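In: need a structure here:
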Amino acid sequence: MLALPLENPLTRDMDLDSPETTARRMKLIRQKPFLRRIYEEWYRSIAADLPPGPGQVLELGKNAL
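Out: Below you'll find the model as predicted:
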């Protein structure tokens, strides 16, 4: 019940797994400086905890941004 008032109207009725939903959410995050800083901080924290070494990292998750 709490999630509905917090949903953005631009993504409210979209399929959660749709690439369009992900693209739209990314755009919303980039347009909101405070939210963008939270995500940047979160991913910097994750990157700092990764072990050093060659290669790339694949993020697996339901809501990867």
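
In: what helix or strand does Arg24 sit in?
Out: Element membership of Arg24, judged by DSSP states H and E, is helix 19-31.

In: roughly how far out does the following helix or strand past that helix sit from the chain middle?
Out: Note on helix 19-31: by DSSP H and E, the next helix or strand toward the C-terminus is helix 33-49. A distance of 10 Å separates the centroid of the chain from that of helix 33-49, by C-alpha atoms, centre = their mean, to the nearest Å.

In: by how many degrees do helix 33-49 and helix 19-31 diverge?
Out: With axes from the mean of the first three to the mean of the last three C-alpha atoms, to 10 degrees defining the directions, helix 33-49 sits at 100 degrees from helix 19-31.

In: Just the mean pLDDT for helix 33-49, thanks.
Out: Averaging pLDDT along helix 33-49 gives 91.

In: From the contact counts, what lies against it?
Out: helix 19-31 (3 or more C-beta pairs under 8 Å, 6 or more residues apart in numbering; DSSP states H and E). For every residue, glycine as well, the C-beta is placed using N, CA and C.

In: which helices and strands sit right next to the helix it packs on?
Out: So helix 19-31, by 3+ C-beta pairs under 8 Å, 6+ apart, packs with helix 33-49.

In: Going by neighbour count, which residues in the helix holding Arg24 are buried?
Out: 21-22, 25 (16 or more other C-beta atoms under 10 Å).
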